[in-house]
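Undergrad: Here is a sequence together with a model predicted from it:
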Amino acid sequence: MSVPRTVADVIGQHVTLELEGIDRMYLNVYQPKLQHDSGVVSFFRFHRHQPVVSSALMEPISSAFIKSIETFVEQNGIPLLTFAKKQRKDDIAADYLARFEGSEGILFVGKAQEKISVFRTEKRTNEKTGKKYPWIVKSTAMVNQFYFYAVDEDFGPFFLKFSSYFPYNAKLCINGHEYVKRQLAKEGITFEALDNGLLTCAQPQRAQKLCNGLSAKKIDALLRKWLARLPHPFPAQDRAAGYRYDVSTLQAEFSLTQVLDRPLSGRIFFEEVIRENLDLGRPDQVQLIFNRRVSKRTPGRFRTRVLTEGVTPSLHVDYKNTRIKQYHKEGRALRTETTINNTRDFGIGKRLENLPALREIGFQANRRLLHVQRTSHDCTIGEDAFQQVNKPVVVNGQRASALRFGDLAVQALLSALLVFRLLPRGFSNRELRDHWAPLLGKEAQTMTQGQMSYQLRRLRLHGIIERVPLTHRYRVTDSGWRTALFCTRCYNRILRPGLAQVIPKEAADDSSLRRCFDQLDTEMDQWIEQQKVPAET
């Protein structure tokens, strides 16, 4: 009985580049003093010196801010777009980015209406005097949001989204891998890019050091740099009085990218990992991955989800508002990424200064997942063994054609070899011919010595047989015997009888295998009929 190995152990033998870093970060840019009604009242009453506080005081600020954006766009010749409903903003940004030639600047400004929290005036009545008075309360409204899509010299593409309504909260979205690519390019280090990652790098240790160097201080500096360049809703006197933007984390993705030496085998390996780890979402497994105690009172649904986009499957495990996603990225790498949507899931504050603690949690969760996942075998080895036989090989300049599994002549040849496994002296050209010919329904005399030499050469270069030194005799190798036995048994006892039961119409209908396939066929036909859209009359 084989002992299951961890995915970390298995994959470690097939990784050509490993990179651990921040992927996307979605940050809340806000005025700390203006997030509650009392702070808003204080702003207008004591800072702006207004005798009566109402939402009417916000309108002039909003109008001036919108006007400054329109002026900024016009003076700098920047496209101003209005996003259509459900339009993919990233696709538009990618199109503008492809045509952008500078090192940094604004690509375009987009406008969209979104529902957000706002402050409104509510009429209340004084119980003693009966007089009406305004009162600031929180509410929601559809408000224009202005998206500034830009390129930074150090961070690459990013966007900063401003609300056009008081208190003008903003959102900053950056990509840590784009930051690393920019830094590598500035240092003259050659690399090949993946989407949100690296495929190759001339100095992988330097790339990892750059990933580690993406700090809260650098992200904050990026924000301050562009706040100084873009239209600002609060004039200098407000900022001097302490009304400055702060930053908190809304969403942070921490990724581990492991580039594989054999991409096709990597996909097979990941699909095998999915099949053998469908219990990862159980509470006992989740608490191992996130190093958090899970009880009956822990919120969230504990489950393992396998989602497929096109032909690419991905594995998802949830803990409260945090999610781990694992998938085979672009057919080249295994990507494991932890997305933290609420830092308080781990008892950590939301301010950006807590980024080091979040990094530790995210990266450790990725590593723990690989150590919790089990696989019964390294399927890349099995794939290599299968392809070693089923593909042409070149050994020391000598080429041999493939021994294809479905070729009847190959199956007969492998069956004949099994007879010679225990012969101490091995076998000769003629002895193999005498056993192989009848399996093909031929007379041994009809096969020439040249034909047999060709087959012996194929078997030898594929490692199925080896020549006995100083003789013209051959013996079956250990790996050759195992390959021949396994392939012939699979063909004769599984593939051929199985297809005979499920495909021909004349096959007996009392076979359990036949009944299962017939039922599957019926169920699929019924489902297809249900999906048909009735024609319009």
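TA: Thanks, I have it.
Undergrad: tell me which element the residue in the chain sticking out farthest from the centre falls in.
TA: Within the chain, the residue lying farthest from the chain centre (C-alpha atoms, centre = their mean) is residue 129, at 63.3 Å. If you go by DSSP states H and E, residue 129 is not part of any helix or strand.
Undergrad: show me where the stretch 1-150 of the chain has helices.
TA: For the stretch 1-150 of the chain, the helices defined by DSSP state H, counting those that start in this stretch occupy 7-11, 37-42, 58-76, 89-98.
Undergrad: from memory residue 163 sits against residue 142, does it?
TA: No - applying C-beta atoms under 8 Å, one finds residue 163 not in contact with residue 142, separated by 11.3 Å. Where you see a C-beta, it was placed from the backbone N, CA and C, and this is true even at glycine.
Undergrad: Which one's more surrounded, the two?
TA: residue 163 (23 against 11; other C-beta atoms under 10 Å).
Undergrad: Contact partners for that one?
TA: Contacts for residue 163 (C-beta atoms under 8 Å, 6 or more residues apart in numbering) come out as 116, 143, 145, 169-170.
Undergrad: next one: residue 156
TA: Neighbouring residues of residue 156 by C-beta under 8 Å, 6+ apart: 175, 178-179, 181-182.
Undergrad: Which of those residues ranks first by neighbour count?
TA: Ranking the contacts of residue 156 using other C-beta under 10 Å puts residue 179 first, with 24 neighbours.
Undergrad: what about the helix or strand hosting that one, distance to the chain center?
TA: If you go by DSSP H and E, residue 179 is part of helix 176-186. Remark: helix 176-186 is offset 20 Å from the chain centroid, using C-alpha atoms, centre = their mean, to the nearest Å.
Undergrad: Could you export it as PDB, CA atoms only?
TA: Extracted in PDB, the C-alpha atoms of helix 176-186 (Å, rounded to 0.1, in the frame of the first residue of the first chain):
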ATOM      1  CA  GLY A 176       2.000  43.700  -7.400                       C
ATOM      2  CA  HIS A 177       3.200  41.600 -10.300                       C
ATOM      3  CA  GLU A 178       3.100  44.700 -12.600                       C
ATOM      4  CA  TYR A 179       5.300  46.500 -10.000                       C
ATOM      5  CA  VAL A 180       7.800  43.700 -10.100                       C
ATOM      6  CA  LYS A 181       7.900  43.600 -13.900                       C
ATOM      7  CA  ARG A 182       8.600  47.400 -14.000                       C
ATOM      8  CA  GLN A 183      11.400  47.000 -11.500                       C
ATOM      9  CA  LEU A 184      13.000  44.200 -13.300                       C
ATOM     10  CA  ALA A 185      12.900  46.100 -16.600                       C
ATOM     11  CA  LYS A 186      14.400  49.200 -14.900                       C
END
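Undergrad: contacting residues around residue 34?
TA: 40, 43, 166-167, 243.
Undergrad: ok so, going back, kindly list the main-chain dihedrals of the residue farthest from the centre of the chain?
TA: Note on residue 129: its backbone torsions stand at phi -100, psi -20 [degrees, to the nearest 10].
Undergrad: Test my guess that residue 55 contacts residue 135.
TA: No - applying C-beta under 8 Å, one finds residue 55 not in contact with residue 135, separated by 10.4 Å.
Undergrad: can you count the residues close to residue 470?
TA: When neighbours are counted by other C-beta under 10 Å, residue 470 registers 6.
Undergrad: any idea how far it is from residue 400?
TA: Distance, residue 470 to residue 400, by C-beta to C-beta, to the nearest Å: 23 Å.
Undergrad: Repeat that for residue 229.
TA: Distance of residue 229 to residue 400, given as C-beta to C-beta: 65 Å.
Undergrad: Show me the contact partners of stretch 513-520.
TA: Contacts with stretch 513-520, where a contact means C-beta under 8 Å, 6+ apart, come from 498, 501-502, 507-509.
Undergrad: Need the pLDDT of residue 264.
TA: Note for residue 264: predicted pLDDT of 61.
Undergrad: Residue 188 now?
TA: Looking at residue 188, its pLDDT reads 96.
Undergrad: With residue 376 instead?
TA: For residue 376, the predicted pLDDT is 64.
Undergrad: cool, and residue 54?
TA: pLDDT for residue 54: 87.
Undergrad: May I have the phi/psi pair for the closest residue to residue 144 other than its chain neighbours?
TA: Spatial nearest neighbour of residue 144, chain neighbours left out: residue 164 (4.5 Å); criterion: C-beta to C-beta, 6 or more residues apart in numbering. Per-residue torsions, residue 164: phi -90, psi 10 (degrees, to the nearest 10).
Undergrad: So residue 164 sits against residue 65, correct?
TA: Yes - between residue 164 and residue 65 there is a contact under C-beta under 8 Å: 6.4 Å.
Undergrad: and the gap between residue 59 and residue 172?
TA: Counting by C-beta to C-beta, the gap from residue 59 to residue 172 is 26 Å.
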